[in-house]
Structures are given as structure tokens and as C-alpha cells.
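I'll drop the sequence and a predicted model, then ask my questions.
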Number of protein chains: 2
Amino acid sequence: MAQVDDAAARQGGTPGDGTGVGVTAIAVHGGAGTIRRGDFPPEREAEYVAALEDALRAGYAILEAGGSSLDAVVEAVRQLEDSPLFNAGRGAVFTAAGTHELDASVMDGRNLAAGAVAAVRRVKNPVLLARAVMEQSPHVLLVAEGAEAFAAEQGIELVDPSYFFSAERWVEFERRAGRGPASGPAPAEVDGDASDDAKYGTVGAVALDRNGNLAAATSTGGMANKRVGRVGDTPIIGAGTYAENGLCAVSATGHGEYFIRNVVAYDICAVTRYTGVPLADAADRVIRDRLSARGGTGGVIAIDASGNIAMSFNTEGMFRGSIDAAGNLVVRMYRD
Amino acid sequence: MAQVDDAAARQGGTPGDGTGVGVTAIAVHGGAGTIRRGDFPPEREAEYVAALEDALRAGYAILEAGGSSLDAVVEAVRQLEDSPLFNAGRGAVFTAAGTHELDASVMDGRNLAAGAVAAVRRVKNPVLLARAVMEQSPHVLLVAEGAEAFAAEQGIELVDPSYFFSAERWVEFERRAGRGPASGPAPAEVDGDASDDAKYGTVGAVALDRNGNLAAATSTGGMANKRVGRVGDTPIIGAGTYAENGLCAVSATGHGEYFIRNVVAYDICAVTRYTGVPLADAADRVIRDRLSARGGTGGVIAIDASGNIAMSFNTEGMFRGSIDAAGNLVVRMYRD
């Protein structure tokens, strides 16, 4: 682990203020966008809620057993990647070429170690590969074929690209290409701006463990119909993912280009670091004020060193859930 | 240019405080590392100085003619890419596979538009492709083959990979692989930590134009002997490059993984934004204090809305130069 700073590692498990020690909390998201009450039949709604709950409970069980926030966020994201409901892992959307290219990242607030992968086509769980990059290489970001060669070396599960195929996504893809069936319901606009027909989405998790360590992980299939080789904010440390003990952990979802240009995940942490405002205010300032003013859409989940959870988005809804420091589980989809 | 924020674009050319309007200034760098007096024969030193001066003068001429800071930084970086002296463009180092993979990015502080490319193998001037991504696509980051397909569409010059071959770099590569000649001088350790034999380097430019617009551009051949697919901080907006009117523009060089994890370029701007300290203090705080404490090595060039230039590095030297608001040209290599 050549990338772990010795200076930071010496501080591992003892964040500056110690406020979070002993407390556990976790939050997950499954994409933001035009998610409106009435858009989903009740049985579909129940599927989303169940998937988010399952991921939350899996991560929380790790935290309650004394496990690390890193293990918790990776497991929560891995489960969401395995669900066909979300645009990450198995449910990834098609590129403009009718293929799939996946991105993911993870960051460990204990020592600022980070790992990320982009534009991989055969990795079943990109978040596991991102973790391997963090732990088994001196690098932070590996892309495309080089990333897959590393996956093979590390024994990370590779799948045939057909694993990512789903009939529902294909109909969506064909419709966008002007070849879709004329009838039938419009696809859900997750993370998207319906007006420009660009659909995108992401899953992610943030957590605080008993030792006061923060972690964040994010995974995506990218923007639907994206150009081959396009990389969004998900694998960009500072944009889609950031975690630093004593400060905060953030996972983002939305129109990735805006999140990159506005360095969204780190900026939320920077606002708390330099101005001292509470996390929820920092998240709202960056998402609802700055990002909105600059035309970007999406949202974040965030957690601070005391286990306070913030969720901020400027879209109509965001798939999201949390188990807070008091153990309360909440899962929501809509704005209110 | 779908990625340009309408809200920000409306502010174009009229930064918040207006202090920089009418003033022009530019700075460039060519890598940081163990650059020590006595390491370079005088004629080689003169070559470096001349190349940095040429790039500065080319960018400055654009600014003095009323051109944009975006045009100035792209032209300065393009010239440095064409020099075999620097690890970017023509002088790119070899990957572990004996190939070349180049990264670059550009950001326009006027509207926060940004473009970047990573892991391209046949693009003569990656900074020109980064600009094309910014201006001719809705995306910020394109990687690998997808980026080269876009280059071909856009008429960006592609070259045979042999263009990047240099005998000097090859000897360096062979020596690192244990096949080098036993005698002869050790290669210059640019951007590197001699102890781990990792060599890396980057070129970059930041500028302020007469309309108060800030811009930054950065380009690299990456870390010598890097794994195929490894991407450093250069194409990561917020890490290796950042520019925002009224605030600052930054281009970084150094051990990329640390710059990514510490979101170096944006963090310098964030310190000035949220604490109000002068740019030079912000750069020193992030590079000399935080990055050093965390084990990272490298440096930055930065410029603020008034044309103040800061250069901060924690290595023995950094190839750097500037033409300040008063028109004074300075080029330096060593710490003192």
C-alpha cells in the first residue's frame, strides 16, 4: 500500500475531535433525477425500497459487528451493483455503441487512500476492483483495458459483457436511437434532465464506523448513450467520492460533467473544513445553491465525524436511505 | 457547448471583483523533482531555460494581442509538448510495457468549462484534444480508444507511436528494467522520489487575460514505468488543473496519486475562497504543509484574479517561469 501516507496513517482511528468514536451510521443512494410520486407502480416502488434497505442493512451489520466503514460501504455498493434496478454493475445502461462501460471508486478517510476504475467492460463488481486498485497497487485510477488486466491479475471476477444486458435497458436504448417501440411507458428519468433525453445514474454509500473512520464508495454505468470512453464524476476523487476522517465522507450522483467541474464531493468537505458550518448546510450550499446556479443536476449523500447524515439534491427525487447513529432506518425516493 | 453553465457564462469576462481586468500575466512549469544545481551541464540548463522562455513568450504574445487566457495556456502547453525535454507530448516517458500513454486537461475559468483526455497513445498534442473535448463534446473526460476515436473525428493530429520514442528515454527505461548500460549518468529525477525510482513529470500553464479571464492547462506522459491504464492527476479537474474567474487558476506537477487524493488544485482555490488568505499563502499551506505532511511531493503554479503569481513546491526544484503583470520575465529551475 505504497499510497498510504505515513503521517496520516499514524492518525488512523483517532480522528481529530473523536466525536464519532463509538457511533456508527450509514447512508446509501441509488441515483437522483425525475423520480416523482406516481411514476412508479407500487410493486416497483417496493422493489427499490427493498433493494436500498437490503444494502443499508448489509453495511450496517458490518458496522455493528465492529467492522470498518470501508468494508461497510464496499459491501453496500456491491449489493446495489448486483441489483438490476440501478445503473451500476448488472443494471448498467448502454453506451452509444450498445456496449457497457462501468466506473467506480472508493476512499478510506482513515488515511486518504483511494482507488478507482473507469471504462471497464467485463468487471462484475467495479467497486471491488476499485478497492483492489487502492489496496494492491500504488495507483489511484486505472482505466479501460489496463484496469481489466489488473482485475485478472487480482482474481477479481470478470464476466461476459452479456451479463450487463437487460431487455428493459435495450428497449430504452433502441427508443433513444429512434428504433424503439412507439408505444409503452417512457423509461424512468433517473439522474436525468428529461429535456435533453440524457439518462444517467449511480449508486453509492458513506459510513462512519466505531473507530471514527469515514469511508465512501460510488459505482455507475455512466450516462445512457454516452460516447465510448466518456468518464463521469464517479471515479474522480473529489468530484463523485471523497472521505477524510474528522471531516466528512461524500458520494454523489447526477450529471457527472457538472460534478467534475464543480469538484462537488470535496467542495462540500472544504466548506465544512474552512467555514465550520454544519455538514447539511455545506451540502445544501454546494448542491442547491452553487450547482443549481451553474445548471447542474443531481445530489449527494454525506456523513460527518459525529455520524450526522446529510442528503441534498436539486432534482425531483433521489433514491436514498440511511441508518443513523440512533439506529433509525429511513428509505425515501421522492422529494417529500 | 452543452457543458457551459448559462449562469456562469453570463458572468463571462466580468469577474466578481474586476481587479484583474486590463492586466495580463502567465506562468508555466515543466515538472518538479530532484532538480539540483550541478545536475545539469550548462548547455542542458540553457536548453530548459530557452524552452520555458519560448513557451512563456508565446503565451504572453497572445495575451498582449488581446487574446484569451485559454488560447495562451493551450499554446504554451502545446509548445512544451513539442519539446523533447519535458515528460509530455513528444518527450513522454515509457510505460512498463514500453509504450506511451498521455494525459492532458484544460479549464476555462470564464464559465468553468473543462476538457481532459487520458491514456491516449497516438495524439501528438493531448492539450489540443482536451480543448476539443471541452468545446466540441458535452463531456469533460474521454479516455483511451474512445478519446482517440474522437480525435480522429475532430481532425486532431494523430501520429505513429514511434513519434514519442527517444533514445534517451529508452536507455532510462532499459536501466529501470535492469537491462540498462552499467555506466553513464543517472537520468534526471524529475518530479520523482529517487528512493523509489519512480520518475514522473508534467508541463502546465496558467494565465490571466485582459478581460479578467483565468485559465489553466496541464499535460503529461505520466509516471515512468507506470502500469498501462494508470491515470494520474493531470487530467483530473480539481487535482491537476483548476480555473475559476475571480478566484484562481492552478496547474500541478508531482506524484499524481497524492495530488488526486488531496484534490490539490481545487483545494488551493478553496483556501482562498473560504478563508480569504492570499494565493501564495494558500498554495504554501496546501503544498508545503498539508501535502508534505501526507508524504506527497511536487508543486504548482497558480495565478489569481489580480494577476498575482504563486509557485509552491516541496521538491528540490521545479522547472518554472512567469511573466508577471508588470511584464517581468523570470525563469528558474532550482529552489534558490
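Received, thanks. Residues are numbered from 1 along each chain as shown, chains lettered A, B, ... in the order given.

just so I have it, where are all the helices in chain A?
A:6-10, A:42-64, A:69-82, A:126-136, A:144-154, A:167-176, A:256-261, A:264-275, A:279-284, A:292-293 (DSSP state H).

quick one: which of those helices is nearest chain B?
helix A:144-154 (1.6 Å; C-beta to the nearest C-beta). C-beta here means a position set from N, CA and C on the backbone, and glycine is covered the same way.

what about the closest one, near chain B?
Yes. Contact of helix A:144-154 with chain B (C-beta under 8 Å from any C-beta of the partner chain) involves A:144, A:145, A:146, A:147, A:149, A:150.

would you list the residues you listed in a markdown table and tack on neighbour count, pLDDT and distance to residue B:308?
Formatted as a markdown table, these follow (neighbours: other C-beta atoms under 10 Å in any protein chain shown; pLDDT from 0 to 100; distance: C-beta to C-beta, whole Å):
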| residue | neighbour count | pLDDT | distance to residue B:308 |
| --- | --- | --- | --- |
| A:144 | 26 | 97 | 40 |
| A:145 | 17 | 96 | 44 |
| A:146 | 25 | 97 | 40 |
| A:147 | 34 | 98 | 40 |
| A:149 | 15 | 98 | 45 |
| A:150 | 24 | 98 | 43 |
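
For residue A:85, which non-adjacent residue is spatially closest?
Among residues not flanking residue A:85 along the chain, residue A:51 sits closest, at 5.4 Å (C-beta to C-beta, 6 or more residues apart in numbering or on different chains).

From what I see, that neighbour and residue A:81 are in contact.
No. Taking contacts as C-beta atoms under 8 Å, residue A:51 lies outside contact range of residue A:81: 11.0 Å.

Mean pLDDT lowest where, among the helices of chain A?
The stretch with the lowest mean pLDDT among those is helix A:6-10, at a mean of 37.

Let's see the distance spanning stretch A:214-234 from one end to the other.
This stretch, stretch A:214-234, spans 18 Å end to end (C-alpha to C-alpha, to the nearest Å).

quick one: is it near chain B?
Yes. Counting by C-beta under 8 Å from any C-beta, chain B is contacted by stretch A:214-234 at A:226, A:227, A:228, A:229, A:230, A:231, A:232.

Dump these into CSV; add distance to residue B:253 as well.
Output for the residues of stretch A:214-234 next to chain B, formatted as CSV (distance: C-beta to C-beta, whole Å):
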residue, distance to residue B:253
A:226, 30
A:227, 29
A:228, 30
A:229, 25
A:230, 26
A:231, 22
A:232, 25
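
which one of those residues sits closest to residue A:271?
residue A:232 (22.5 Å; C-beta to C-beta).

and the gap between that closest one and residue A:254?
9 Å (C-beta to C-beta, to the nearest Å).

again, but for residue A:53
23 Å.

now swap in residue A:230 and tell me
The value you get for residue A:230 to residue A:254, if C-beta to C-beta is used, is 15 Å.

so where do the strands sit in the stretch 151-300 of chain A?
A:189-190, A:203-208, A:214-220, A:230-231, A:241-244, A:248-254, A:298-304 (DSSP state E, counting those that start in this stretch).

averaging pLDDT over each of the ones you listed, which comes out lowest?
Here the lowest mean pLDDT among the strands of the stretch 151-300 of chain A goes to strand A:189-190, at a mean of 51.

Next, give me the two most distant ones among the residues of stretch A:214-234 next to chain B.
A:228 and A:232 (13.5 Å).

Compare the two (neighbour count), which wins?
residue A:232 (30 against 21; other C-beta atoms under 10 Å in any protein chain shown).

If I look at that one, what pLDDT would I see?
Listed pLDDT for residue A:232 reads 97.

likewise residue A:247?
At residue A:247, pLDDT is 97.

Could you report the separation of it from residue A:278?
Residue A:247 sits at a distance of 12 Å from residue A:278 (criterion: C-beta to C-beta).

now swap in residue A:101 and tell me
37 Å.

Compare the two and say which one has the larger neighbour count.
In this view residue A:101 and residue A:278 are compared by other C-beta under 10 Å, and residue A:101 has more residues nearby, 28 against 14.

What count of nearby residues applies to the closest residue to the more buried one other than its chain neighbours?
Excluding its sequence neighbours, the residue lying closest to residue A:101 (C-beta to C-beta, 6+ apart) is residue A:119, at 4.6 Å. Using other C-beta under 10 Å, residue A:119 is surrounded by 31 other residues.

now swap in the one 10 residues further on and tell me
A count of neighbours around residue A:129, defined by other C-beta under 10 Å, yields 28.

how about it, what does it touch?
Counting by C-beta atoms under 8 Å, 6 or more residues apart in numbering or on different chains, residue A:129 touches A:104, A:117, A:120, A:123, A:147, A:150, A:151, A:154, A:156.

out of these, what pair is the most spread apart?
Maximum distance among the contacts of residue A:129 (C-beta to C-beta): 14.3 Å, for A:104 and A:154.

out of those two, which sits in the more crowded spot?
Using other C-beta under 10 Å, the more surrounded residue of residue A:104 and residue A:154 is residue A:104, with 35 against 15.

Check which helices and strands the lengthiest strand in chain A sits against.
Counting residues, the longest strand found in chain A (DSSP state E) is strand A:25-34. Other helices and strands packing on strand A:25-34, by 3 or more C-beta pairs under 8 Å, 6 or more residues apart in numbering or on different chains; DSSP states H and E, are helix A:42-64, helix A:69-82, strand A:189-190, strand A:203-208, strand A:248-254, strand A:298-304, strand A:309-313, strand A:317-323.

From the chain's centroid, how far away is that strand?
Relative to its chain's centre, strand A:25-34 lies at 8 Å (C-alpha atoms, centre = their mean, to the nearest Å).

and it with helix A:42-64, angle?
Here strand A:25-34 points in a direction 150 degrees away from that of helix A:42-64 (axes from the mean of the first three to the mean of the last three C-alpha atoms, to 10 degrees).

Mind listing the strands strand A:25-34 pairs with, and their directions?
Each strand paired with strand A:25-34, and its direction, by DSSP bridges: strand A:189-190 (antiparallel), strand A:203-208 (antiparallel), strand A:317-323 (antiparallel).

Let me see the mean pLDDT of the last one.
When you say that, I think you mean strand A:317-323. Mean per-residue pLDDT for strand A:317-323: 97.

Give me the contact list for that strand.
A:25-36, A:48, A:52-53, A:55-57, A:60, A:86, A:190, A:253, A:299, A:301, A:309, A:311, A:329-335.

Swap in 7 Å and give it another go.
Strand A:317-323 is contacted from outside by A:25-33, A:35-36, A:48, A:52-53, A:56, A:60, A:299, A:301, A:309, A:311, A:329-335, using C-beta atoms under 7 Å, 6 or more residues apart in numbering or on different chains.
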